[in-house]
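Enquirer: take this sequence and fold it.
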Amino acid sequence: MNYLNMNKKELIPVVHELNILLADYNMYYQKLRSYHWNIVGKNFFDLHVKFEELYNDAKIKIDDVAERILTLRNHPVSNFSKYLKISSIKETSALKTDKEMVVNILNDHSILLEQMSTVIKESEKIGDEGTIDMVGAYIGSLEKTSWMLEAWLKNTSEEFETSEMKKMGVTVS
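Expert: Next comes the predicted model:
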């Protein structure tokens, strides 16, 4: 039965890109777990909870992406050795400062967002609305999370000084 009304050969590029996204999410998930376990310092309580929230979200998306690949009548990559080969997100030491961890996560978000865009482009070519819908929702959510993490990185006093200077008509470079 072909309930998808899509040509299996035409799905190959979509499935390929979804498998890369799956690998990226698995690498990201493991990095978040590692950061969650290894965070120290005055931001421990905030970031320990935030990293757990992020890896729980990633775990759900990992399952969704794998199940989408199965829905498209293919098989998801499921070996960590293969994830290491095809993911653009690379392993890193967890022995970092809180800010280094957040910057690294934001870099991973950039990689994830780029891969999601690639998945959508391939899906659009064949009218794969299910994949477009799923990944499109992920993009909005990840962009919001990235904005929040970026706000956490900012120095509040500098932000306020800059805002006050702009009100006075002073240009800040």
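Enquirer: Phe51 and Ile39 touch, don't they?
Expert: Yes - counting by CB atoms under 8 Å, Phe51 touches Ile39, with 6.7 Å between them. C-beta coordinates here come from the backbone N, C-alpha and C atoms, glycine included.
Enquirer: and for these two, which residues touch both?
Expert: Common contacts of Phe51 and Ile39, defined by CB atoms under 8 Å, 6 or more residues apart in numbering, comprise Met101.
Enquirer: and the pLDDT for the residue of the chain positioned farthest from its centre?
Expert: Residue farthest from the centre of the chain, counting by CA atoms, centre = their mean, is Met168 at 38.7 Å. Listed pLDDT for Met168 reads 71.
Enquirer: now do the strands in the chain.
Expert: In the chain, no strands are defined using DSSP state E.
Enquirer: any low-confidence regions in it?
Expert: By pLDDT under 70, the weakly predicted segments of the chain are 1, 158-165, 170-173.
Enquirer: which helix runs longest in it?
Expert: The single longest helix within the chain, with elements called by DSSP state H, is helix 8-38.
Enquirer: for it, packing partners?
Expert: Helix 8-38 makes packing contacts with helix 44-71, helix 80-86, helix 98-126, helix 129-153 when contacts are defined by 3 or more CB pairs under 8 Å, 6 or more residues apart in numbering; DSSP states H and E.
Enquirer: if you count neighbours, what's buried in the longest one?
Expert: Under the neighbour-count criterion of 16 or more other CB atoms under 10 Å, helix 98-126 has 98, 101-102, 104-106, 108-109, 111-112, 115-116, 118-120, 122-123, 126 buried.
Enquirer: rewinding a little: how about TSV for the helices and strands packed on helix 8-38, with distance to Asn26 added?
Expert: Below are these laid out as TSV (distance: least, CB to CB, whole Å):
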stretch	distance to Asn26
helix 44-71	6
helix 80-86	5
helix 98-126	11
helix 129-153	15
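Enquirer: among these, which is nearest His16?
Expert: helix 98-126 (7.9 Å; CB to CB).
Enquirer: now the closest one, how far from the centre of its chain.
Expert: 5 Å (CA atoms, centre = their mean, to the nearest Å).
Enquirer: that one vs helix 8-38, what angle?
Expert: Using axes from the mean of the first three to the mean of the last three CA atoms, to 10 degrees, the direction of helix 98-126 lies 170 degrees away from that of helix 8-38.
Enquirer: quick one: contacts for Ser78?
Expert: With CB under 8 Å, 6+ apart, Ser78 has these contacts: Ala66.
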